[in-house]
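> Dropping a prediction and its sequence here:
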Amino acid sequence: MTEYETSHLIPTEQAGQYSSTHVEQEEEECDFETGQILNLKADHKKHPWLWQSNSYAWSLGGLILLLLVFTGLELALLKLNLPDVDEEDKDALKFPRNLEELQRLNAILSSYINQHFPNVYVTYIITYIYLQSFSIPGSMWLSILGGALFNFWLALLTVSMCSAVGASIAYIISGSLGSVAVIRLVGDRIARWNEQLVQHKQHMFNYMVVLRIAPFPPNWTVNLGAPHLGVPICPFFWGTFFGVAAPSFIHVQAGAALDRLSSSDDLKLITPTNVACLAAVAVVALIPVFIRRYYKL
């Protein structure tokens, strides 16, 4: 059995510093409550639905295989759901990377949505969940596109739900691949994040809400690290759902004015007003935490 050096991976709760520990990767993992090592076999007994691979090669191979399978399913479902598109419009049916591509995609889909609303809506959901599941950039543009295509509240609800579902799929994939690949990829980041989780374990839902509003740590790091630090999937899911609603509100609102934008400079998402609104939502999410601490509940 091969041992991996995991220096600076597992922080100790008492000292608040990282420990240098040799970990047998086939048996051990980190616990966010204590900052110590957990037995993977015991964790598997608590979550029998979670198959875990403890080989880096198998983990990486499994991830590539899952990506290929999900990509194939995504393309097949898109082909089944999308209405017939004119040849000159097919080159615009791709993930938008800038405002011009987004506006062109919106113009094409808007021309089909009246007669093919279910097809366009299902296609939007499938694409959004796919991007979130594998942390592929582009979800912000899809959020803006949702605001342009759909009713405001429908778009906001859809974006929040797709974000939560996609993040939960990423959570399950990361947990199933085991700790070996995660340690190699983002071990140091997860170790630093673990120190904060230890302090917030009594109010994990509120912490997840704030975490999704804040720009750091990145969402993909949260999705990868959460299952290996003992974050339960229930507060993870609902914390993501409500947490992403705040920035998504801004994106969907921008999408409602998409046709009136003439350049990327007109797409002002980071403004003092928007930042203040996000900060206010984060404070509201923390109010129950302050109350519990004040009254020592």
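Ah, there it is.
> List the contacts of the residue nearest the centre of the chain.
Centroid check for the chain by CA atoms, centre = their mean gives Ala167 as the closest residue, at 3.8 Å. Residues counted as contacts of Ala167 (CB atoms under 8 Å, 6 or more residues apart in numbering) are Gln132, Asn219, Val222, Asn223, Phe236, Phe237, Thr240. (Glycine included, C-beta is placed from N, CA and C.)
> Check the spacing between it and Leu267 real quick.
The gap separating Ala167 from Leu267 is 25 Å, by CB to CB, to the nearest Å.
> What does Pro218 show for phi and psi?
Note on Pro218: backbone dihedrals following degrees, to the nearest 10 are phi -60, psi 150.
> If you tally nearby residues, what's the number for it?
For Pro218, the neighbour count with other CB atoms under 10 Å is 12.
> Can you read off the pLDDT for it?
Pro218 is assigned 84 on the pLDDT scale.
> Against Ser59, how distant is it?
In this view, Pro218 and Ser59 are 20 Å apart by CB to CB.
> Asn219 now?
21 Å.
> Next: Trp153.
40 Å.
> between these two, who's got more neighbours?
Neighbour count, other CB under 10 Å: between Trp153 and Ser59, Ser59 has more, with 22 against 9.
> low-confidence ranges in the stretch 51-200 of the chain?
Counting by pLDDT under 70, the stretch 51-200 of the chain shows low-confidence ranges at 51-56, 83, 178-179.
> Kindly recompute the last result at 50.
For the stretch 51-200 of the chain, the stretches flagged by pLDDT under 50 are 51.
> Tell me which residues touch the residue nearest to Glu74 when sequence neighbours are not counted, please.
Take Glu74 and drop its neighbours on the chain: the residue closest to it by CB to CB, 6 or more residues apart in numbering is Tyr130, 4.7 Å away. Residues in contact with Tyr130 (CB under 8 Å, 6+ apart) are Phe70, Thr71, Glu74, Ile136, Gly166.
> how about 10 Å then?
The contact partners of Tyr130, taken as CB atoms under 10 Å, 6 or more residues apart in numbering, are 67, 70-71, 73-75, 77-78, 95, 136, 138-139, 162, 166, 169.
> Ranking by neighbours, what's the top pick from the contacts of Ala167?
Counting by other CB under 10 Å, top hit in the contacts of Ala167: Thr240 with 28 neighbours.
> and the helix or strand that one falls within, average pLDDT?
Thr240 belongs to helix 233-256 when elements are defined using DSSP states H and E. Regarding helix 233-256, the rounded mean pLDDT is 94.
> in that helix, what counts as buried?
By 16 or more other CB atoms under 10 Å, the buried positions in helix 233-256 come out as 235-237, 239-256.
> and the residue nearest to Glu74, that one's in a helix?
Yes. Assigned with DSSP: H, G, I helix; E, B strand; the rest coil, Tyr130 falls within a helix.
> how much space between it and Leu224?
Taking CB to CB, one finds Tyr130 at 17 Å from Leu224.
> Against Asp89, how distant is the residue nearest to the centre of the chain?
Counting by CB to CB, the gap from Ala167 to Asp89 is 32 Å.
> What is the neighbour count of the residue lying closest to Phe95 once chain neighbours are set aside?
Among residues not flanking Phe95 along the chain, Gly138 sits closest, at 4.5 Å (CB to CB, 6+ apart). Residues lying near Gly138 (other CB under 10 Å) number 18.
> for the stretch 1-150 of the chain, what spans make up the strands?
Under the criterion DSSP state E, counting those that start in this stretch, strands of the stretch 1-150 of the chain are mapped to 3-5, 10-11, 18-19, 22-24, 28-30, 37-39.
> Oops, could you answer that again for the stretch 151-297 of the chain instead?
Using DSSP E, counting those that start in this stretch, strands in the stretch 151-297 of the chain do not occur.
> Quick one: the helices in it, in order.
Ranges of helices within the stretch 151-297 of the chain are 152-177, 179-199, 204-213, 219-225, 233-256, 272-295, based on DSSP state H, counting those that start in this stretch.
> Dump the ones you listed into JSON lines; add distance to Gly146 as well.
Below are the helices of the stretch 151-297 of the chain laid out as JSON lines (distance: least, CB to CB, whole Å):
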{"stretch": "helix 152-177", "distance to Gly146": "4"}
{"stretch": "helix 179-199", "distance to Gly146": "29"}
{"stretch": "helix 204-213", "distance to Gly146": "17"}
{"stretch": "helix 219-225", "distance to Gly146": "18"}
{"stretch": "helix 233-256", "distance to Gly146": "6"}
{"stretch": "helix 272-295", "distance to Gly146": "18"}
